[in-house]
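Asker: sequence and computational prediction follow.
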Amino acid sequence: MTHSPSVHDNTTTISFSADRCVILLLPVVWSVYAYGIRALFITLVSVIFASAAYLLFCLALKKEILPHILMDIALSAAVFAFTLPVSVPYYLPMLGGVIAAVPSLWLPKGKKICFGGFLSAAAVRAFFPSLTSRAIQAFTYLSPWIFAPAENDINSLRTYTPLQLLSQGKVSSGTLWDQFYGTVSGNIGEISFMLLLIGCVFLICRRKMRVHGPAVFLFTLCIITLIFPAGDSEAIFFMLVSLLSGGAMLACTFAFSDTLTMPVTDMGKIAFAVGTAVLTVLIRYLGAAEEGVYGAVVIMNLLTPVIDRYTLPVAYGRTKVKGGKK
């Protein structure tokens, strides 16, 4: 069984949320190093607007403001900001931050409908595909004081991310170590596989996340891309580029540790991970967007009640009847 904290145990839940917030620091620091202060501003704008949306919601409905819910919303908004390139105008993190807060506003039976950070990422990418695909070279900096960077400034620094090249049937000219450490172009919080991996291991060691989900997801993603490569390189290199690029590790670290949207049992987590990996590859290969993990996680979040229905053990002395009811 999972170590999910109860939403009614505020102390446990605050501790759980605090650990997830701590591991945000490494990607944030690296994003500032790679892209400048504007990366930090984008993250802060998203967090501020998401938090403000929750506070206004509570004031309007005269509901109690719960610290652990506020922390969860702030984390979701920060993860959403990680999925953006540094070149976006500030109104995108404003809008996306508000969307990221929505799933945490209602918690029927202690569950969220989906992970807010990836719901927001999928929605913003669907409605603003051109703005969310304009990556610039790492270690080149845009002014943090400009609300919307000029097209000429972006075009002079623009480049393709490894994942965008994969969607075109090509492979990045950079080395795999560049993608592992985070010295390639990409979204502000996704580029360093190593730092996200450290955060994932930290949560597992702290017993705030089970290893089943991330391990099975990454393994399934590797197997599918190894057997069905779509780039112009040999299969193993294509598989490694697919693994190290985009939001795969971001999902392992933050979406898979969001216990309010994950299945309860270990078997359920395995089913969730396999489904997410398959959908990620299908969307990357067949969809219009180069990144598929955001939508894949949201779809599997919506299917979590179904997974729970068929993987939860039956209490002793009871049997399941038609329709999944006990």
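Answerer: Nice, thanks for sending it over.

Asker: residue ranges with poor pLDDT in the protein?
Answerer: 1-14, 108-110, 171-174, 231-233, 288, 314-326 (pLDDT under 70).

Asker: excluding chain neighbours, give the residue nearest to the residue nearest the centre of it in space.
Answerer: Nearest to the mean C-alpha position of the chain, by Cα atoms, centre = their mean, lies residue 251 at 4.2 Å. Nearest non-adjacent residue to residue 251, counting by Cβ to Cβ, 6 or more residues apart in numbering: residue 293, 4.9 Å away. Every residue, glycine included, has its C-beta placed from N, CA and C.

Asker: now residue 74
Answerer: Residue 74's closest residue in space is residue 47 (Cβ to Cβ, 6+ apart), at 4.9 Å.

Asker: sorry, back to before: and the residue nearest to the centre of the chain, its phi and psi?
Answerer: When quoted as degrees, to the nearest 10, the phi and psi of residue 251 stand at phi -70, psi -40.

Asker: for residue 268, same thing?
Answerer: phi -60, psi -40.

Asker: what's the distance between residue 305 and residue 44?
Answerer: From residue 305 over to residue 44 the distance is 34 Å, taken as Cβ to Cβ, to the nearest Å.

Asker: higher neighbour count, these two?
Answerer: When residue 305 and residue 44 are compared on other Cβ atoms under 10 Å, the one with more neighbours turns out to be residue 44, at 16 against 13.

Asker: how about the contacts made by the more buried one?
Answerer: Residues in contact with residue 44 (Cβ atoms under 8 Å, 6 or more residues apart in numbering): none are found.

Asker: okay, and it sits in which element?
Answerer: Per DSSP states H and E: residue 44 is located in helix 37-61.

Asker: hang on, the residue nearest to residue 251 packs against residue 249?
Answerer: No - with contact defined as Cβ atoms under 8 Å, residue 293 does not count as touching residue 249 (9.5 Å).

Asker: which one's more surrounded, the two?
Answerer: residue 293 (30 against 24).

Asker: residues contacting that one?
Answerer: 118, 246-248, 250-251, 276, 280.

Asker: same deal with residue 18?
Answerer: residue 71.

Asker: do the same with residue 157
Answerer: 87, 136-137, 140, 142.

Asker: now do 10 Å
Answerer: 86-87, 134-137, 140-142, 149, 185 (Cβ atoms under 10 Å, 6 or more residues apart in numbering).

Asker: any of those residues buried? List them.
Answerer: For the contacts of residue 157, a burial check counting by 16 or more other Cβ atoms under 10 Å picks out 86-87, 134-136, 142, 149, 185.

Asker: helix/strand/coil for the residue nearest to residue 35 when sequence neighbours are not counted?
Answerer: Nearest non-adjacent residue to residue 35, counting by Cβ to Cβ, 6+ apart: residue 86, 4.2 Å away. The three-state assignment at residue 86 reads coil, by DSSP: H, G, I helix; E, B strand; the rest coil.

Asker: I'd guessed residue 86 sits against residue 153; true?
Answerer: No - Residue 86 lies out of contact with residue 153 (Cβ atoms under 10 Å); the separation is 11.6 Å.

Asker: shared neighbours of those two, anything?
Answerer: Common neighbours of residue 86 and residue 153 (Cβ under 10 Å, 6+ apart) are 136, 142.

Asker: tell me which stretches of the stretch 51-200 of the chain form helices.
Answerer: 67-82, 91-101, 116-127, 151-157, 162-167, 176-181, 193-205 (DSSP state H, counting those that start in this stretch).

Asker: just how off-centre is the longest one within its chain?
Answerer: Relative to the chain's own centre, helix 67-82 is displaced by 11 Å; criterion: Cα atoms, centre = their mean, to the nearest Å.

Asker: also the fifth one?
Answerer: A distance of 18 Å separates the centroid of the chain from that of helix 162-167, by Cα atoms, centre = their mean.

Asker: do the second one as well
Answerer: Average the C-alpha atoms of helix 91-101, do the same for its chain, and the two points are 14 Å apart (Cα atoms, centre = their mean).

Asker: also compute the angle for that helix relative to helix 116-127, please.
Answerer: 130 degrees (axes from the mean of the first three to the mean of the last three Cα atoms, to 10 degrees).

Asker: same question, the longest one
Answerer: Between the axes of helix 67-82 and helix 116-127, defined by the same axes, to 10 degrees, the angle is 40 degrees.

Asker: summarise which helices and strands helix 67-82 is packed against.
Answerer: helix 10-22, helix 25-35, helix 37-61, helix 91-101, helix 116-127 (3 or more Cβ pairs under 10 Å, 6 or more residues apart in numbering; DSSP states H and E).

Asker: quick one: which of the ones you listed is nearest residue 312?
Answerer: helix 10-22 (21.6 Å; Cβ to Cβ).
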